[in-house]
Each structure stands twice: as C-alpha cells, then as structure tokens.
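A.B. asks: got a sequence here, can you build the structure:
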Amino acid sequence: STGTFALRTLAAGMMSGMTSPARPWFRLALADKQLMEFGPVKQWLHDVAELMRAVFASSNTYNALHSCYEELGTFGTWCNFVLPDFNNVLRHMPFTAGEYALGTDNHGVVNAMVREFQMTVAQLVEQFGEANCSTAVRNLYQRGTLDAWVRVIHIIEPRAHVDTTKKDNKAMPFASIYMEAGSNEGRFLSESGFKRFPALCPRWVVTANDTYGRSPGMDALPDIKQLQHEQLKKARAIDLQVDPPLQAPTMMKDHQNFRMPGGVSYYDGVGPGAGVRTAYEVNLRLDYLLADIQDVRERINRCFYTDLFLMVADDQRSGVTATEIAAKNEEKLIQLGPVLERLQNELLKPLIDITFDRLVEAKIPLVMNPPDELRGLDLDIEFVSTLAQAQRAVATSGMDRLLTTVGNLAAAKQDLGVWDKVDVDQAIDEYANAYGVAPSIVVPDDKVTAAREQRAQQMAAQQAAAAAPAMADAARTAGDV
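C.D. replies: Got it, this is the predicted structure:
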C-alpha cells in the first residue's frame with residue numbers, strides 16, 4: 001500500500017497547499033496596481049473574492065478538487081463538468097479515466113470533450129422528453145420497460161461558425177450535444193451551448209503535443225511493481241524458513257501430526273538416514289532484502305513528493321530553524337513549480353472565471369455594481385495559497401536582503417537619510433501582496449496620504465501654539481524699545 005498512501009499524501013498536500021478551504025487561496029487584482037490601492041476598489045475586489053470562496057464552500061467544489069488531485073497523481077489528466085445550480089450557483093460532475101475523451105486546439109489547450117455513459121429509459125424521457133427520444137426508446141417507455149439501459153453520447157466542442165446576432169443556446173461558441181449511441185434516425189436528444197468551455201481538464205505534465213498528461217503514478221509504476229515483487233519474495237522466504245519443505249520415510253505418509261507446532265509422531269526408523277529433516281536449507285538474508293525494499297519505498301515517495309509535503313513531520317532533528325525549513329521548501333518547489341503553473345492555468349483560473357460568470361448570470365448585486373473606476377477594466381487573478389506564496393517568497397527574500405543592507409548602511413553612517421532611497425510604503429504593499437494579507441489590514445494609499453496630511457497639520461498647529469508665547473514676548477520687547 002506504499003503507492004496508495006503516497007498518492008493520498010500528494011492529494012492532501014496539493015489540496016491544502018493550493019486550494020485549502022480553511023484559508024484564502026486566490027484574490028482578484030488589476031493590471032493597474034495604483035488603482036488597486038484605491039479604497040473602494042480594493043474593498044470590492046476583496047468582497048467579490050470572499051463571495052466566490054463562499055460559493056466554493058457551499059457547493060461540492062472542494063470535494064471535486066480533492067478528486068482532481070488524486071486523478072492527476074494517478075493518471076495525469078482529470079475531467080470535470082461544471083454545471084449551473086439554482087441552490088449553490090454551480091455543481092461539479094467529476095469523471096475518472098476511461099469515461100471521456102479530450103480534444104485540443106492548435107495551441108494545445110483542451111477545448112473539446114466527449115463522453116459515453118448509460119441512462120435508463122425513464123431517465124432519458126424525464127431529461128429530454130419523449131418526443132426527442134428514438135423510436136426504440138419510445139416503444140420501451142410505452143411498454144413500461146423503464147429500467148432498460150440506453151447508451152448516450154455527450155459532445156462538447158467549439159462551433160465552427162458562431163452567429164453573434166442570435167441569442168439562443170444553439171448560437172453560443174461551444175456546442176453541447178446529447179445523442180443516443182447507435183441511433184440512425186438522424187436527430188439529437190438535445191442541442192444547446194455554452195459561452196465558455198464548461199469542463200475543467202487539467203493535466204499534470206504534458207509531453208510535446210500530447211492531449212493527455214503524464215502523472216507521478218506513471219513515474220512510480222516500475223518501482224511499485226518492483227516493491228510488490230520483493231514483498232512477495234520476502235513472504236515466500238519467510239514461509240520457507242518458518243514452514244520448510246520436509247522429507248520423511250514413506251511409512252509416515254499418513255502421519256501429518258509432525259507438521260503441526262509441537263506435534264510429535266513416533267515411528268521405527270530404519271537406516272542411518274532415517275528421520276524427519278528439511279528437503280533443503282533456505283538462508284535468505286532478510287536484512288539485505290528489507291534495506292532494498294526501504295530504498296524502493298523512498299523512490300516511490302519521492303515520485304509523489306511526499307518528502308515535500310511531510311518535510312517538517314519527517315525531520316526529527318532538534319534545533320531546526322525556520323530559515324532552514326524555508327530554504328528547503330523553496331528548493332523542493334523548484335521541481336513542483338511547473339506543475340503549479342500548469343494547474344493554475346488549466347484548473348483554477350477557468351474555475352474562477354466560470355464562477356464569476358455564474359454570479360453575473362444570477363445578477364448578484366455586489367457583482368453587478370462595481371465602483372465606477374472599474375468600468376470596462378479586465379480583472380486579473382492572483383494566487384495566494386501556501387504553495388503560491390512559497391514560490392513568491394523568492395521575491396521577498398530579495399527585499400529582505402535590500403532592507404537589511406540599507407539598515408546596516410544607515411547604522412554605519414549614522415545617517416537616516418539613507419532610507420530616503422527606499423520607498424518603504426511600496427515595500428509594505430509588496431510584502432502584503434506576497435504574503436496574501438487581506439486588504440483590510442493594509443491601509444490604502446489615499447487614506448495614508450490623508451492621515452499624514454492631517455498629522456502634519458496637527459503638528460504645525462501644535463508648534464505654532466507652542467511658539468505663540470515666545471512670539472508675544474518678543475513683540476512686547478520690541479514695543480518697549
């Protein structure tokens with residue numbers, strides 16, 4: 001079960017590291033960073049992201065995502081159909097390998113999906129209507145054979161020609177077609193469409209122009225087979241040592257008691273070689289075999305990145321510093337970085353886009369009434385999950401070294417003017433972005449400017465009040481003269 005446990009660790013690690021339900025893992029952003037610092041805009045972006053996370057929590061999104069990471073770790077490809085839902089905004093329908101086929105465009109992006117499945121006659125009539133079913137299905141329905149199985153094909157693909165003047169589902173960019181498999185009546189069960197490709201089809205790693213991905217499980221498969229083989233040989237060796245094959249005189253053919261623990265059989269032996277003895281000796285060095293088994297297990301765990309996700313739990317040394325753990329974490333993420341980038345582009349960004357579209361279709365007041373400054377602007381997505389922050393920690397380490405160097409120079413020269421070269425306000429904003437801090441924690445630039453102006457006015461008033469008596473004395477002295 002080493003491979004199975006390693007896969008579970010990978011799925012749990014990806015779930016908590018990329019899309020943890022317990023903490024924010026994405027936020028909405030703008031290309032104009034200065035506009036993002038404007039209070040109303042910053043708050044609206046935060047509130048909409050919070051609303052989307054609430055939708056994910058109330059639907060089956062996180063259950064589907066955990067299934068996604070297990071499928072990716074095993075097969076390298078996952079397919080999930082995102083449906084609109086009246087109660088929870090959206091609902092996921094995940095599939096497993098073998099239930100679907102995918103197609104890509106000229107850029108290698110998945111834009112088509114076909115799946116074949118079975119429905120009962122009653123389900124077909126209920127979903128598509130009796131008039132749209134084939135003659136064979138209608139006959140079964142009229143005879144009351146409601147539980148008979150019928151093969152159905154579902155196709156989602158881009159339309160070659162889109163009529164933008166029409167508003168019905170049959171004119172949308174992506175066609176959704178249901179048909180009965182094997183039917184020759186030349187009609188569909190239904191034909192509709194989607195504005196956006198409704199399936200999430202991420203891949204772990206893609207080689208060249210392959211449609212399907214490659215998985216850690218595929219890399220670990222040779223080691224898993226070797227481990228099963230060695231475990232089998234170890235069990236056979238132990239059996240041969242504990243219960244070895246025996247040779248005995250023929251007169252003991254009907255006496256099996258001596259094969260039982262503590263069993264004794266008495267007989268009259270004849271000749272010097274008479275007696276019960278093993279047929280051959282088995283002297284397998286189990287310690288060598290166990291050492292090789294442990295080496296194979298470690299290779300399997302490395303394929304599934306368990307050394308990354310269990311780094312702190314497996315480190316039994318004392319006195320380990322947070323800096324050392326962070327350095328190891330960054331080193332391990334070098335291998336996982338390309339995978340995270342692909343999953344963000346093929347899984348998480350499409351999921352957020354589909355969810356935002358659903359909120360717009362539902363006419364949620366918050367989404368439909370953004371600040372005037374956002375009218376006509378495109379929204380960006382920034383990921384602030386644990387793994388995403390670990391990747392972005394490289395940028396903060398550079399800022400750490402810069403600020404430390406500036407502080408040392410200011411202390412050495414005993415001149416605080418050195419800090420005039422550093423925009424501390426911008427450094428704070430960059431740290432907040434890298435750490436994924438909620439915007440309510442960091443004060444927007446416009447409020448900071450207003451607070452500083454008010455504080456400067458108060459200080460000027462205090463200084464004027466303090467200087468007023470001295471100025472009055474000076475005026476009286478000048479009058480006396």
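
A.B. asks: does residue 3 touch residue 299 like I think?
C.D. replies: No - counting by CB atoms under 8 Å, residue 3 stays clear of residue 299, with 10.9 Å between them. Heads up, the C-betas are built off the backbone N, CA and C, glycines and all.

A.B. asks: between these two, who's got more neighbours?
C.D. replies: Ranked by neighbour count (other CB atoms under 10 Å), residue 3 and residue 299 place residue 3 first, with 23 against 15.

A.B. asks: what residues does the more buried one make contact with?
C.D. replies: Neighbouring residues of residue 3 by CB atoms under 8 Å, 6 or more residues apart in numbering: 217, 220, 224, 227, 300, 304.

A.B. asks: again with residue 152
C.D. replies: The neighbours of residue 152, taking CB under 8 Å, 6+ apart as the test, are 116, 117, 118, 119, 124, 178, 179, 180, 181, 189.

A.B. asks: please name the nearest non-neighbouring residue to the fourth one.
C.D. replies: This points to residue 119. residue 152 (5.3 Å; CB to CB, 6 or more residues apart in numbering).

A.B. asks: may I have the host helix or strand of the one you found as CSV, with CA atoms only?
C.D. replies: Under the criterion of DSSP states H and E, residue 152 resides in strand 149-158. Taking Å, rounded to 0.1, in the frame of the first residue of the first chain, the C-alpha atoms of strand 149-158 are listed here in CSV:
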residue,chain,number,x,y,z
TRP,A,149,-30.2,0.8,-20.2
VAL,A,150,-29.5,3.1,-23.2
ARG,A,151,-26.1,4.3,-24.2
VAL,A,152,-25.8,8.1,-24.6
ILE,A,153,-23.0,10.2,-26.1
HIS,A,154,-22.4,13.7,-24.9
ILE,A,155,-20.2,16.0,-27.0
ILE,A,156,-18.9,19.5,-26.1
GLU,A,157,-16.9,21.2,-28.8
PRO,A,158,-16.4,24.6,-30.3
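
A.B. asks: that strand pairs with which strands, and in what direction?
C.D. replies: The pairing partners recorded for strand 149-158 under DSSP bridges are strand 110-120 (antiparallel), strand 174-180 (antiparallel).

A.B. asks: before we move on, the earlier item: joint contacts of residue 3 and residue 299?
C.D. replies: Common neighbours of residue 3 and residue 299, using CB under 8 Å, 6+ apart, are residue 220.

A.B. asks: where does the protein dip in pLDDT?
C.D. replies: Low-confidence segments of the chain, defined by pLDDT under 70: 164-165, 246-282, 284, 311-334, 390-397, 433-440, 470-481.

A.B. asks: which stretches of the stretch 201-350 of the chain form helices?
C.D. replies: 216-242, 286-303, 306-309, 311-314, 322-343, 349-361 (DSSP state H, counting those that start in this stretch).

A.B. asks: in CSV: those helices, plus distance to residue 367.
C.D. replies: What follows is these, written out as CSV (distance: least, CB to CB, whole Å):
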stretch, distance to residue 367
helix 216-242, 38
helix 286-303, 42
helix 306-309, 35
helix 311-314, 40
helix 322-343, 25
helix 349-361, 5
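
A.B. asks: so which of those is the most packed in?
C.D. replies: Most buried of those by mean neighbour count (mean count of other CB atoms under 10 Å) is helix 306-309; its value is a mean of 20.

A.B. asks: which elements pack onto it?
C.D. replies: Contact here means 3 or more CB pairs under 8 Å, 6 or more residues apart in numbering; DSSP states H and E; on that basis helix 306-309 packs against helix 2-18, helix 322-343.
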